[in-house]
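# Got a sequence here, can you build the structure:
(one chain, ligands or ions: 1)
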Amino acid sequence: MLLQNKKVAVIGGGPVGLTFATLLQQAGVHVNVYEWDVSEFARIKGGTLDLLQNMGQKVFGKAGLLEDYFNNARPTARRFADIHGNIKERFPAFNNPEIDRNDLRKILLQSLRPNTVVWDRRFVSLKEQDDKFLLQFENGITETADLVVGANGIMSNVRQQYITGTSPFYTGIVAIAGEVLDYKIRCPNFKRLCDDDKIIVKYEYCFFLSQPKAQSELYYYICFPKPESWIKGNGLNFRDNKQISGYLDDLLADWDSAYKEIFALTDEFTLLPLRQVPLENWRPHKNITLIGDSAHGMPPYAGVGLNTGLMDALYLSENLTNANFKDIQSAIQDYENKMFEYASEAQQETTKNKAALFAKDPKE
Ligand SMILES: Cc1cc2nc3c(=O)[nH]c(=O)nc-3n(C[C@H](O)[C@H](O)[C@H](O)COP(=O)(O)OP(=O)(O)OC[C@H]3O[C@@H](n4cnc5c(N)ncnc54)[C@H](O)[C@@H]3O)c2cc1C
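The predicted structure follows:
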């Protein structure tokens, strides 16, 4: 096997990095994941995720984790509503139930040997040393590895320093995301509207989506166009919940009070400038590559970001362990060729959906 007596370092313990590590470890490879979060108990921000049948579910099937996914996920129907709080259409749950990000992480951690993930390790840089990599982390900590896989998300410093100098570009749309605790009790009007389904509202230049999480939490986001200068110059303090809910009340002045109820009771707001990673201009690189959002991050309009990343985890782990390649570099090259193709299709679908969602000119 190409990775016999070799050490693999995965930078980033998001769903893609952990899935890749699981698949490698099951094939007998020595792998460590270095994750910035301080511990496995760190709360991961963000909405629920779903594994699509021919993508994420296929990968979890290979890893023997499909049953765990179904046991921890909830079938969630989708309701298309208008701004007055009327339900226009309801689509029953698909065969891809929604799972909370922390539950997904828990399943993956349980599938790995103890201490595979090294927590509280913020990757800073690396250098080549005698055919190996010397990895440098915050606080002067170092590790060595024979193969490095960057899985540290859309702002990946592995990508920017070693694979391509290009940064993800801003797509012209921001999202304001909110999380509400105990919404079933605190937000009775919104609870009546959604009845634990997803709510989707498409109105003029705005797109609203809400997702119930486990434990009566609600995650929602509102996407709308803004110039890049607004991201730094908006004068808003996203830790001031009252200010942000007031901003949303003004932005969505005509919307029903059920929506305003969740804005007013939001426990945490986040501003998300929606970015995309360009797939071009990868420089020559040896024994190092990227998977997941760090390779091809994209806005969520097609809902395939995670699923595309899980395909990376599968293809790269298979290439590195199936004895079809003469060396690590050709296994990586073959994976990257495939990945450029399907990731670029996913990005094209995302861009097409964006054009349909934000077709109308924004208000001034
Ligand atoms: C609003 C929104 C909605 C979405 N909805 C969907 C959806 O419905 N379906 C779907 O398929 N996708 C969706 N996505 C996309 C999905 O969230 C991502 O594609 C997925 O999380 C990518 O996983 P990843 O493991 O590549 O990266 P991430 O989940 O970003 O994980 C990266 C990890 O790397 C760590 N890290 C970062 N820097 C360092 C460092 N220097 N050193 C060490 N560790 C580091 C981070 O702490 C993190 O744990 C959505 C995204 C957004 C923003």
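
# Now do K360, the pLDDT please.
pLDDT recorded at K360 is 65.

# Make sure G13 is actually in contact with N32.
No: G13 lies out of contact with N32 (C-beta atoms under 8 Å); the separation is 10.1 Å. Bear in mind the C-beta positions are built from the backbone N, C-alpha and C, glycine included.

# between these two, who's got more neighbours?
G13 (27 against 21; other C-beta atoms under 10 Å).

# Grab the nearest non-local neighbour of that one.
E35 (3.3 Å; C-beta to C-beta, 6 or more residues apart in numbering).

# S125 now?
Q136 (5.0 Å).

# May I ask you to name the longest strand in the protein?
Ranked by number of residues, the top strand in the chain under DSSP state E is strand 169-180.

# joint contacts of G13 and N32?
Common neighbours of G13 and N32, using C-beta atoms under 8 Å, 6 or more residues apart in numbering, are V117.

# and the residue nearest to G13, how many residues sit next to it?
The number of residues packed near E35 is 26, by other C-beta under 10 Å.

# Tell me the predicted confidence for it.
pLDDT at E35 comes out at 98.

# again, but for the one 5 residues further on
For E40, the model assigns a pLDDT of 93.

# pretty sure it is touching T116, no?
No: checked against C-beta under 8 Å, the pair E40 and T116 is beyond contact range at 11.2 Å.

# neighbour-wise, which of these two wins?
Using other C-beta under 10 Å as the criterion, E40 and T116 rank with T116 on top: 19 against 13.

# quick one, what contacts that one?
21, 25, 31-33.

# Grab the longest helix from the protein for me.
helix 328-357 (DSSP state H).

# Any buried residues in that helix, and which?
Within helix 328-357, the residues that count as buried by 16 or more other C-beta atoms under 10 Å are 328, 331-332, 334-336, 339, 342-343, 346-347, 350, 353-354, 357.

# How about stretch 312-329?
312-321, 325, 328.

# rewinding a little: name the residues that touch the next helix or strand after the longest strand of the chain?
Toward the C-terminus, strand 169-180 is succeeded by helix 183-186 as the next helix or strand (DSSP states H and E). By C-beta under 8 Å, 6+ apart, the list of residues contacting helix 183-186 from outside reads 180, 190-191, 196, 212, 216-218, 262, 265.
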